[in-house]
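> got a predicted structure plus its sequence, pasted below:
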Amino acid sequence: MAIPFLQAIAVSKVYSGIQESGLQKTDLVINQGQITAIIGESGSGKSTLLRLLYGLLSPDKGEVLFKGERIWGPEEKLIPGHDAMKMVTQQTDDLNLFAKVWDNVASMLPHTDLKAKQDKTEKILKQLKMSSLANKRVVDLSGGEKQRVAIGRALITSPEILLLDEPFNQVDTSFREGLQHIIREIVKETGLTVIIVSHDPAEVLSMADELIVLKQGSILESGNPKILYQAPQFLYTARLLTNCTILTNDEAKACGIKTKAAHIVIYPEWIKTMKSWTHKDWEIKQILFKGCNEDLLLENKGITIRALNDQFGKYSEGDKVYLKLNKWLEY
């Protein structure tokens, strides 16, 4: 039987207080050469799990194994963190602000082979689309550019695992997608394993190979992002993954949905709005411009439903429409 690449066995780390937090007894296997995303509400234990996997924290119980060997905690190691891994957080405090981008990245390599050092620095800067920034001082960069420098410093040492803790918080929307694509390309080219923690599932849905959903310190469910999005097992996951409408049983019946479930979940894209001569039961209360589409907030009998519209100018606030529902989830 093959030894798992990175594995947590019955790992827990609990912080006592008014409200208990941390990570409950957890088993987890991270596959090599993939991007694994860990998502959950604030306080669900995402960063605690990441730090346990890296060796920045020691578990209260259980153990974390890398290629079958136990990862030492901070009490056992002079410089905490596993040598085969690198972590990048949303903080960029370890950057030399008044040095150039080139020097910040190159400084992570020894001076034993200057030609190899130069070639590798050039390669990393090119991969991260930072060649034009090479001679800029870090202090003069934007938050997103500094984040790329931090990722460059991590990648240049050729780690087997890159851990990213909320890495896109300071990255402008225009750079975010590009950076996600770059990381995916590096994973394909090098076989790098990436573990990313995010509070925003939209950041990782198109990026991750595996999605892990945490709730109150426990893994609720995991799997392929597309499958989890289309058919989440739990209401918590559905609410986490999209700005959906959640109806109680009574509200669902009032909308003409026959169900025995306690809750109904409707994604905005599952609703079709039509200007009908009859059954115009829903009033458009608000139209929210989202760039490539609009969110329509529709109301009927005190119930509000969110729908998508990509035909700009078709509707105005106050219009009455007919709703056709193609799909819903039951919980």
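Cool, got the structure. All values reported here derive from a predicted model rather than from experimental measurement.
> just the pLDDT at Trp277, thanks.
Looking at Trp277, its pLDDT reads 68.
> low-confidence regions, the stretch 201-331 of the chain specifically.
Counting by pLDDT under 70, the stretch 201-331 of the chain contains low-confidence ranges at 277.
> can you give me the strands in it?
Under the criterion DSSP state E, counting those that start in this stretch, strands of the stretch 201-331 of the chain are mapped to 210-215, 218-223, 245-248, 263-266, 271-274, 282-289, 294-300, 303-309, 320-325, 329-330.
> buried residues of the fifth one, list them for me.
Same thing as strand 271-274. With burial defined by 16 or more other C-beta atoms under 10 Å, the residues of strand 271-274 counted as buried are 271, 273. Where you see a C-beta, it was placed from the backbone N, CA and C, and this is true even at glycine.
> cool, the third one as well?
In terms of neighbour count (16+ other C-beta under 10 Å), strand 245-248 has its buried residues at 245, 247.
> export only the CA atoms of that strand, formatted as CSV.
Once non-C-alpha atoms are left out, strand 245-248 reads as follows in CSV (Å, rounded to 0.1, in the frame of the first residue of the first chain):
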residue,chain,number,x,y,z
THR,A,245,-31.6,31.9,-1.6
ILE,A,246,-32.7,29.7,1.3
LEU,A,247,-36.4,29.1,1.8
THR,A,248,-38.1,27.4,4.7
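> near Ile227, how many other residues are there?
For Ile227, the number of neighbouring residues by other C-beta atoms under 10 Å comes to 10.
> list the residues that contact it.
Neighbouring residues of Ile227 by C-beta atoms under 8 Å, 6 or more residues apart in numbering: there are none.
> can you name the residues bridging to Glu69?
In this structure, Glu69 bridges to Phe66 when assessed by DSSP bridges.
> on that earlier part again, nearest to Ser142, out of the strands of the stretch 201-331 of the chain?
When those are ranked by distance to Ser142, counting by C-beta to C-beta, first place goes to strand 282-289 at 25.6 Å.
> show me the domain layout of the protein.
Following automatic domain parsing, one gets these domains for the chain: 1-84+192-234, 243-330.
> I'd like those laid out as a markdown table, including distance to Thr121.
Output for the domains of the chain, formatted as a markdown table (distance: least, C-beta to C-beta, whole Å):
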| stretch | distance to Thr121 |
| --- | --- |
| domain 1-84+192-234 | 18 |
| domain 243-330 | 37 |
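> what's the most buried one of those domains?
Between these, the one whose residues have the most neighbours on average, counting mean count of other C-beta atoms under 10 Å, is domain 1-84+192-234 (a mean of 18).
> tell me how far it lies from the chain's centre.
12 Å (C-alpha atoms, centre = their mean, to the nearest Å).
> what do you get for stretch 78-98?
Stretch 78-98 has its C-alpha centroid displaced from the chain centroid by 20 Å (C-alpha atoms, centre = their mean).
> Val64 and Tyr315, how far apart?
Between Val64 and Tyr315 the distance, using C-beta to C-beta, to the nearest Å, works out to 53 Å.
> ok so, going back, let's have the strands of the stretch 201-331 of the chain in a markdown table, adding distance to Asp60.
Formatted as a markdown table, the entries for these read as follows, by distance: least, C-beta to C-beta, whole Å:
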| stretch | distance to Asp60 |
| --- | --- |
| strand 210-215 | 17 |
| strand 218-223 | 15 |
| strand 245-248 | 35 |
| strand 263-266 | 35 |
| strand 271-274 | 46 |
| strand 282-289 | 45 |
| strand 294-300 | 44 |
| strand 303-309 | 42 |
| strand 320-325 | 47 |
| strand 329-330 | 36 |
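> compare the ones you listed and give me the one nearest Ala150.
Once the strands of the stretch 201-331 of the chain are compared by C-beta to C-beta, strand 210-215 is nearest, at 23.5 Å.
> could you dump that closest one to CSV, C-alpha only?
Below are the C-alpha coordinates for strand 210-215, written out as CSV (Å, rounded to 0.1, in the frame of the first residue of the first chain):
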residue,chain,number,x,y,z
GLU,A,210,-9.9,19.2,-4.2
LEU,A,211,-12.1,21.3,-1.9
ILE,A,212,-12.3,20.7,1.9
VAL,A,213,-15.2,22.3,3.8
LEU,A,214,-14.6,23.0,7.5
LYS,A,215,-17.3,23.8,10.0
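> measure Lys123 to Pro110 for me?
Using C-beta to C-beta, one obtains 17 Å as the distance from Lys123 to Pro110.
> of these two, who's got more company?
Neighbour tally, Lys123 and Pro110, criterion other C-beta under 10 Å: the higher count belongs to Lys123, 12 against 9.
> quick one: residues contacting the closest residue to Thr273 other than its chain neighbours.
Spatial nearest neighbour of Thr273, excluding adjacent residues (C-beta to C-beta, 6 or more residues apart in numbering): Val321 at 4.7 Å. Shown in contact with Val321 (C-beta under 8 Å, 6+ apart): 273-276, 280, 282-284, 298, 315.
> ok, now with 10 Å
272-276, 279-284, 296, 298, 300, 307, 309, 314-315 (C-beta atoms under 10 Å, 6 or more residues apart in numbering).
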